[in-house]
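Peer 1: I'll drop the sequence and a predicted model, then ask my questions.
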Amino acid sequence: MKFEILKKDTLTKAKTGILHTDHGKIETPIFMPVGTVGSVKAVHQKELDEDIKAQIILGNTYHLYLRPGTEILKKAGGLHKFMNWNKPILTDSGGYQVFSLSEIRKITEEGVRFSSHIDGSKHMFTPENVVDTERIIGADIMMTLDECPPYPADYKYVKNSMNLTHRWLERGVKHFRNTEGLYGYKQAYFPIVQGGTYKDLRIQSAEFIASQNCDGNAVGGLSVGEPAEKMYEMIEIVNEILPDDKPRYLMGVGTPENILEGIALGIDMFDCVMPTRNGRNGMLFTWKGRINIKNEKYKDDFSPLDEYGTSFVDTYYSKAYVRHLMKSQERLAAQIASIHNLAFYLDLVKVAREKIKEGTFADWKNKTIKQLSVRL
């Protein structure tokens, strides 16, 4: 995997580049729609490709491991063929889901034992078997197994958790480098910086992660309840250490404002369920601000959903119609809202790339953040 930097902003840490994978190139900074179980909720792959213009999507190791299972995925020839998606895929290791979804789990040096949230069956994730599972899934970018500590958590817990994550990483890196992909294309491996909101732990973790010399690096354990200012502080600290010539991925973040601030701090890749989850509940992100389409004032508003939007749904449907669908709990409402929000997120990072190339990113970012935070 090759990361080519095209232009750096002179006033911020923002940069634009191209991440080359065997399933195609990814223009950075990029937002990655979340396709947890091999599907971005309520959105067809054709719409992801042609309308939303997604360049890479996510799958989740925990969910795919439990259902449909590695046997089916291997028979299908990997997730790309199973879901008929020919562009890059990134898989989270599933560690976060183990800790957030499984009510019964036990963390040991070996790995983590957990009960399936589906049927209660018992399973074990280790750094090694997670690599094996991600090999079977066939993601272009694989994440390492880590423990994501809750917020808030005391210093001792976070330090012990971070050190365990580092030991798991050494085992995972060794196993990754001793194995090969199954489907004839190269896979990359990204470790994850942890350390909570403790500056010294974040520094230690970033230094350790950078020393592993992997294909890219991720920043995890943020956007879990801490104040936004603290999140930005941790990102800035970490990015002073992580190499600039390898892609940096901020996991699970976040709002459009978070993404623009993250780009300014040197982040290249983002993912979040917010555009689809909030969309299904009636929140639409637009260039003028946020809309709660369920509000009464849209009952007879026949103007386009978003006159500045780039998706076909933005001018094809009116606010009144989409509100009607939402109030009627019609499934089409979730589809329209998800397509709209994802297209907005992809458009946001596209314009950010353009502004970095033009040398006007900093001023544009500051003005845009103020506008995006408005509730209409």
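Peer 2: On my side now, so go ahead. Numbering: from 1, shown residues only.
Peer 1: Only C-alpha atoms from now on, for both contacts and neighbour counts.
Peer 2: Fine.
Peer 1: Below-threshold pLDDT in the stretch 201-350 of the chain: ranges please.
Peer 2: Along the stretch 201-350 of the chain, segments meeting pLDDT under 70 are nowhere present.
Peer 1: how close does the most centrally placed residue in the chain sit to I237?
Peer 2: By C-alpha atoms, centre = their mean, the chain has its centre lying nearest to D271, at 2.0 Å. Distance, D271 to I237, by C-alpha to C-alpha, to the nearest Å: 20 Å.
Peer 1: Then T61?
Peer 2: 29 Å.
Peer 1: more neighbours, those two?
Peer 2: T61 (28 against 16; other C-alpha atoms under 10 Å).
Peer 1: so T10 sits right up against T360, yeah?
Peer 2: No: in this structure, T10 is not within contact of T360 by C-alpha atoms under 8 Å, at 9.3 Å.
Peer 1: What's the first helix or strand after the longest helix along the chain?
Peer 2: Identified as the longest helix of the chain according to DSSP state H is helix 331-358. In the C-terminal direction, the helix or strand that comes right after helix 331-358 (DSSP states H and E) is helix 361-372.
Peer 1: got the buried residues for that following helix?
Peer 2: F361, A362, K365, T368, I369, Q371, L372 (16 or more other C-alpha atoms under 10 Å).
Peer 1: cool, and stretch 23-34?
Peer 2: For stretch 23-34, burial by neighbour count (16+ other C-alpha under 10 Å) applies to H23, K25, I26, E27, T28, P29, I30, F31, M32, P33, V34.
Peer 1: what's the following helix or strand after the helix or strand that contains the fourth one?
Peer 2: Using DSSP H and E, E27 falls within strand 24-28. Reading on from strand 24-28 to the C-terminus, the next helix or strand found by DSSP H and E is strand 30-32.
Peer 1: Show the subsequent helix or strand relative to that next one.
Peer 2: Defined by DSSP H and E, the subsequent element after strand 30-32 is helix 45-50.
Peer 1: List the contacts of that next one.
Peer 2: For helix 45-50, the external contacting residues (C-alpha atoms under 8 Å, 6 or more residues apart in numbering) are S39, K53, A54, Q55, N84, W85, I339.
Peer 1: would you put the C-alpha positions of that helix in PDB?
Peer 2: In PDB, the C-alpha atoms belonging to helix 45-50 read as follows (Å, rounded to 0.1, in the frame of the first residue of the first chain):
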ATOM      1  CA  GLN A  45     -23.900  -0.600  -3.100                       C
ATOM      2  CA  LYS A  46     -24.900   1.000  -6.500                       C
ATOM      3  CA  GLU A  47     -25.900   4.200  -4.600                       C
ATOM      4  CA  LEU A  48     -22.800   4.100  -2.500                       C
ATOM      5  CA  ASP A  49     -20.700   3.900  -5.700                       C
ATOM      6  CA  GLU A  50     -22.500   6.100  -8.200                       C
END
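Peer 1: Name the residues of it that come out as buried.
Peer 2: Result for helix 45-50 [16+ other C-alpha under 10 Å]: buried residues Q45, L48.
Peer 1: which helices and strands does the helix or strand following that helix pack with?
Peer 2: Counting by DSSP H and E, the next helix or strand C-terminal to helix 45-50 is strand 57-60. Here strand 57-60 touches strand 89-92, going by 3 or more C-alpha pairs under 8 Å, 6 or more residues apart in numbering; DSSP states H and E.
Peer 1: starting at the chain centroid, how far to the strand it packs on?
Peer 2: 9 Å (C-alpha atoms, centre = their mean, to the nearest Å).
Peer 1: and if you look at stretch 289-296?
Peer 2: Centre-to-centre, stretch 289-296 and its host chain are 25 Å apart (C-alpha atoms, centre = their mean).
Peer 1: Compute the first-to-last residue distance for it.
Peer 2: Using C-alpha to C-alpha, the span of stretch 289-296 from its first residue to its last is 18 Å.
Peer 1: for stretch 29-48, same thing?
Peer 2: 18 Å.
Peer 1: Equivalent analysis for stretch 243-252, please.
Peer 2: 21 Å.
Peer 1: what residues does it touch?
Peer 2: So stretch 243-252 is contacted by 3-5, 19, 210, 215-223, 242, 262, 266-273 (C-alpha under 8 Å, 6+ apart).
Peer 1: Would you mind stating the distance between V43 and V322?
Peer 2: V43 sits 16 Å away from V322, taking C-alpha to C-alpha as the criterion.
Peer 1: typo on my end, G69
Peer 2: 36 Å.
Peer 1: Which one of those two is surrounded by more residues?
Peer 2: Set G69 next to V322 and count neighbours by other C-alpha under 10 Å: V322 wins out with 24 against 16.
Peer 1: Remind me which helix or strand that one belongs to.
Peer 2: V322 is part of helix 319-327, with elements assigned from DSSP H and E.
Peer 1: That helix: which residues count as buried?
Peer 2: Those would be K319, A320, Y321, V322, R323, H324, L325, M326, for helix 319-327 by 16+ other C-alpha under 10 Å.
Peer 1: now what about stretch 225-242, what contacts it?
Peer 2: So stretch 225-242 is contacted by 151-152, 197, 199, 202-203, 206-207, 209-210, 217, 219, 222-223, 248, 258, 261-262, 265-267 (C-alpha under 8 Å, 6+ apart).
Peer 1: partner residues bridging L250?
Peer 2: Counting by DSSP bridges, L250 forms beta bridges with V219, F270.
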